[in-house]
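>>> Next input, structure requested:
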Amino acid sequence: MRLRLDFAYDGTDFSGWAAQPGLRTVEGELTAALARILRLREPARVTVAGRTDAGVHARGAVAHVDVPASAWAALPGRSRRPPADAALTRLAGVLPGDVVVRRVAPAPDGFDARFSAISRRYAYRLCDVPGGLDPLRRRDTVTVQGPLDLDAMNAASAALCGLQDFAAFCKRREGATTVRTLLTFDWHRTGPLVVGRVVADAFCHSMVRSLVGAVVPVGQGRRPVAWPAQVLSAARRDSGVTVMPAHGLSLAEVAYPPEHELAARAHAARRRRDEPPVAVEPGPGQDARG
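Below is the predicted model of the structure:
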């Protein structure tokens, strides 16, 4: 049977999501915990909606795992608790404090944590006021020289939205497309904090941190508003774009369609997108729930 897991983690002390020999990873901790509570002979394969790099956090991560139905049914032991309740209690008892599973439940038919998703929403946190950073938030907020001009940043960010080839903002991987639909890219201020919201159907490697790195200089007045769009049009990595630090980035939410559309969405998402259309209209200004 397939289970859906909703979870969160502080990425500070992890070498990213993906399991790597000799390194502490989120995937490694989660698979080991699942194998322990379900008494599996071998670690189960966990498929996540979005892999994160070392130091990146998540508040709204989603994954699925296929396990024997008998192992799920046996979780409550002699108690009358539902297996879902027993799973949460047992996972909390074996996972480290920087990983928290918030929900475990049988997945609906056709659910694939990665391919059924319709969007991922990330948040990037900046502080542009000297002495304004709360030391309790130092692990998830990046300090920059300011003050930042949010009107300029929002104008530059909006010009990047839509179905585009984001090769200029991605680390290329052999055989992988860099075409994505950027649904929302905007900024808002809360006191000394400036928070970016970045929503797309999917992201390629280093894309969010590169997009932020292209827009921050606009907010600082070091680049014109049109510069990020010019970088995008060039379709190649630009040495002027700084890949921002990992710790300012958090996966906030993964959104899915209604249950009856899950399988169709997964099938469509597996199709490779090689080229965007010639005329590209900006995507709607919507969040991950759209």
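
>>> and the worst-scoring helix or strand of the chain on mean pLDDT, what does it pack onto?
Of all helical and strand segments in the chain, the minimum by mean pLDDT, DSSP states H and E falls on helix 262-269, at a mean of 93. Here helix 262-269 is seen to pack against no other helix or strand when contacts are counted using 3 or more CB pairs under 8 Å, 6 or more residues apart in numbering; DSSP states H and E. No exception for glycine: its C-beta is placed from N, CA and C like everyone else's.

>>> Just the helices from this protein, written as ranges.
Along the chain, the stretches classed as helices by DSSP state H are 26-38, 69-73, 83-94, 150-158, 207-219, 227-234, 262-269.

>>> now the shortest one, how far from the centre of its chain.
Taking CA atoms, centre = their mean, to the nearest Å, one finds helix 69-73 lying 30 Å from the centre of the chain it belongs to.

>>> Flag every buried residue along stretch 38-52.
Judged by neighbour count (16 or more other CB atoms under 10 Å), stretch 38-52 contains these buried residues: 38, 43, 44, 46, 48, 49, 50, 51, 52.

>>> Is the last one in contact with residue 17, as I believe?
If I follow you right, that is residue 52. Yes. Using CB atoms under 8 Å, residue 52 is in contact with residue 17, at 4.9 Å.

>>> Give me the common contacts of these two.
Taking CB atoms under 8 Å, 6 or more residues apart in numbering as the contact criterion, the common neighbours of residue 52 and residue 17 are residue 26.

>>> follow-up on the earlier one: export the least confident helix or strand of the chain to CSV, keeping only CA atoms.
Coordinates of the C-alpha atoms in helix 262-269 are reproduced here as CSV (Å, rounded to 0.1, in the frame of the first residue of the first chain):
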residue,chain,number,x,y,z
LEU,A,262,-4.0,12.7,-9.4
ALA,A,263,-3.2,9.9,-11.8
ALA,A,264,-3.7,12.1,-14.9
ARG,A,265,-1.6,14.8,-13.5
ALA,A,266,1.2,12.3,-12.7
HIS,A,267,1.1,11.0,-16.3
ALA,A,268,1.2,14.5,-17.8
ALA,A,269,4.1,15.6,-15.6
